[in-house]
Structures are given as C-alpha cells and as structure tokens.
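K.L.:
got a sequence here, can you build the structure:
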Amino acid sequence: MIDHIGFMVADHPRSRAFYVQALAPLGFAPMLDVTREQSGGYGSAGFGPPQQPQLWIGSAAAHGGAMHVAFAADSRADVDVFYAAALAAGGRDNGASGLDVHYQPNYYGAFALDPNGHNIEAVCHPPAG
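P.N.:
Numbers count the residues shown, from 1 in each chain. As a prediction, this is how the structure comes out:
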C-alpha cells in the first residue's frame, strides 16, 4: 500500500495553485508547506484528506517524463467536478469524464494535464446508481 507520492514541478506556485483547485472536489487540500531550508534544498507542498498529506509536489526542474497519478473519487459526479475544476485551474484536457470500459465495465474517469504535463486522473469504480 502506498503512503504518499511526490514529484517535482518546474513552477511551484503555479502547480500549487492548480492542485489546490483541481483536488478540492476530491477532498484534498494543502496540508503542509515545507521550505527549502527545512528540506535541504527544495520547497514542497503536501496535499491530502484531513490528517495526512498523500501527494507532494517539490520545487525543482521536473525530472524525466510525465507521471500519471489517479485519485479515487466517491462518485461519478465527483469525477465530473474534478475535471471541471482541473480545467478551470489551467489544466489541459487529456480525456473528458466518461466510461472507460476497456479498463473495466464501471471505470468512470477523467484526465487533465497539470502545468508540468503530468497526467492527473480522478476515477470512480462503482456502477452508476
């Protein structure tokens, strides 16, 4: 089981603002900001549900290729709200909300590219109802 994930972003303030807005519909909010002095060279921001940062972004040149991170949504409506919030926050469309039955019959997801080109997804697995 994964406790948290982190990756570097080239424009920390812009990326932080993107994640604040895009992840709010999924119950994620900024929980902790760590300065360059505290971390030994790079600033970072931790996002999560109450009590535990599960996603960290660090301020440095983005390394290598783009990453894919999928967040669990409680409902299809939450996936739709995530997608709208991500685009409103400056994300780029990488797959509108909808069923992706090639993954599984009830796989309902939406994809947006963050300011660094990372593929951010919200997905809900239960059937509509």
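
K.L.:
in a helix, Arg14, correct?
P.N.:
Yes - the assignment for Arg14 is a helix, going by DSSP: H, G, I helix; E, B strand; the rest coil.

K.L.:
name the helices or strands packed onto the helix or strand of the chain at the bottom of the mean pLDDT ranking?
P.N.:
The weakest-scoring helix or strand in the chain, judged by mean pLDDT, DSSP states H and E, is helix 36-39 (a mean of 77). Under the contact definition 3 or more C-beta pairs under 8 Å, 6 or more residues apart in numbering; DSSP states H and E, helix 36-39 sits against no other helix or strand. Every C-beta, even on glycine, is put in place using the N, C-alpha and C of the backbone.

K.L.:
quick check: what element follows it along the chain?
P.N.:
Note on helix 36-39: by DSSP states H and E, the next helix or strand toward the C-terminus is strand 44-48.

K.L.:
which elements pack onto that next one?
P.N.:
Using 3+ C-beta pairs under 8 Å, 6+ apart: strand 44-48 touches helix 12-23, strand 29-34, strand 55-59.

K.L.:
the shortest one vs helix 12-23, what angle?
P.N.:
By that I understand strand 55-59. 160 degrees (axes from the mean of the first three to the mean of the last three C-alpha atoms, to 10 degrees).

K.L.:
now the second one
P.N.:
For strand 29-34 and helix 12-23, the angle between their directions (the same axes, to 10 degrees) works out to 160 degrees.

K.L.:
what is strand 29-34 packed up against?
P.N.:
helix 12-23, strand 44-48.

K.L.:
alpha carbons of that strand, as PDB, please.
P.N.:
Extracted in PDB, the C-alpha atoms of strand 29-34 (Å, rounded to 0.1, in the frame of the first residue of the first chain):
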ATOM      1  CA  ALA A  29      -6.400  20.400   0.400                       C
ATOM      2  CA  PRO A  30      -2.900  21.800   1.100                       C
ATOM      3  CA  MET A  31      -1.800  20.400   4.500                       C
ATOM      4  CA  LEU A  32       1.800  21.300   4.800                       C
ATOM      5  CA  ASP A  33       4.300  23.600   3.100                       C
ATOM      6  CA  VAL A  34       8.000  22.800   3.600                       C
END
